[in-house]
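Okay, predicted coordinates and the sequence, questions at the end:
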Amino acid sequence: MSYVRVVGEFGETYILPSERAGELPLIAEWLGDYAPDEDVGPDLVTAALLGADAATPDFAWMVTPRPALYFGDDLDDHVARLVDGTEEWGPILVVDAHTLASLPLYRQVEEVRVTVLHEMGHAYLRRRGVPYEWAEEDVVENFARHGGAHPLIAYGEAFGE
Ligand SMILES: [Zn+2]
């Protein structure tokens, strides 16, 4: 059950969990406000596929649909962003191809892996009903870098519904 590349109606690039490939029309609809990045080369696609696959075991405990990735433009220095509201039915992450492409190839896979885990940390806390606070960034980044679900779960229990 690997990630697959899907090219959309307008040539835009999606990196989808194979089990969610059929959701493409719905995913494209949610992404209506995000401009697609039109300059996504084969190296970035490979990095995204490998990075997303590598992240999967570390968030499997969340029992949530795996995130769909989309190459979008202009994220203000962020590597990726969770699309608001998608954490409930199936997370969608917008990835900035330019930021990713500025890294050496050998770091791109790791950056995607860590970024997916970071954003899935946010998605988990939204699902737990935790209101976003800046302090959350440290918690999700720690999860992304070092794994280990317990600090994230504890944060969710402390500040969730
Ligand atoms: Zn964050």
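Cool, the structure landed. Residues are numbered from 1 along each chain as shown.

ends of stretch 13-33, how far apart?
End-to-end distance for stretch 13-33: 15 Å, by C-alpha to C-alpha, to the nearest Å.

Work out the gap between it and the centre of the chain.
On the basis of C-alpha atoms, centre = their mean, to the nearest Å, stretch 13-33 sits 13 Å off its chain's mean C-alpha point.

what about the strands in this structure?
Counting by DSSP state E, residue ranges of the strands within the chain are 3-7, 13-17, 68-72, 80-82, 92-96.

Give me the buried positions along the least confident helix or strand in the chain by mean pLDDT.
When the helices and strands of the chain are scored by mean pLDDT, DSSP states H and E, helix 97-101 comes last with a mean of 88. Residues of helix 97-101 classed as buried by neighbour count (16 or more other C-beta atoms under 10 Å): Ala97, Thr99, Leu100, Ala101. Any C-beta I mention is one placed from the backbone N, CA and C, and that applies to glycine too.

Equivalent analysis for stretch 122-129, please.
For stretch 122-129, burial by neighbour count (16+ other C-beta under 10 Å) applies to His122, Ala123, Tyr124, Leu125, Arg126, Arg128.

next one: stretch 26-33
Ile27, Ala28, Trp30, Leu31.

what residues are up against the third one?
What it means is Trp30. Trp30 makes contact with Val83, Gly85, Thr86, Ile92, according to C-beta atoms under 8 Å, 6 or more residues apart in numbering.

Equivalent analysis for the second one, please.
Ala28 is in contact with Gly8, Glu9, Glu12, counting by C-beta under 8 Å, 6+ apart.

Okay, now the unreliable bits of this structure?
Counting by pLDDT under 70, the chain shows low-confidence ranges at 1, 74-75.

Same list (the buried residues of stretch 26-33) but as CSV, adding distance to Ala55.
Putting the buried residues of stretch 26-33 into CSV (distance: C-beta to C-beta, whole Å) gives the following:
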residue, distance to Ala55
Ile27, 18
Ala28, 23
Trp30, 21
Leu31, 20
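
For those residues, work out which two are farthest apart.
Ala28 and Trp30 (7.4 Å; C-beta to C-beta).

Might one say that Val130 is in contact with Glu157?
No: look at Val130 against Glu157 with C-beta atoms under 8 Å: they stay out of range, at 9.4 Å.

who has more neighbours, these two?
Set side by side, Val130 and Glu157 show more neighbours around Val130, with 19 against 10, by other C-beta atoms under 10 Å.

show me what contacts the more buried one?
Val130 makes contacts with Glu136, Tyr155, Gly156, Phe159, Gly160, Glu161, as judged by C-beta under 8 Å, 6+ apart.
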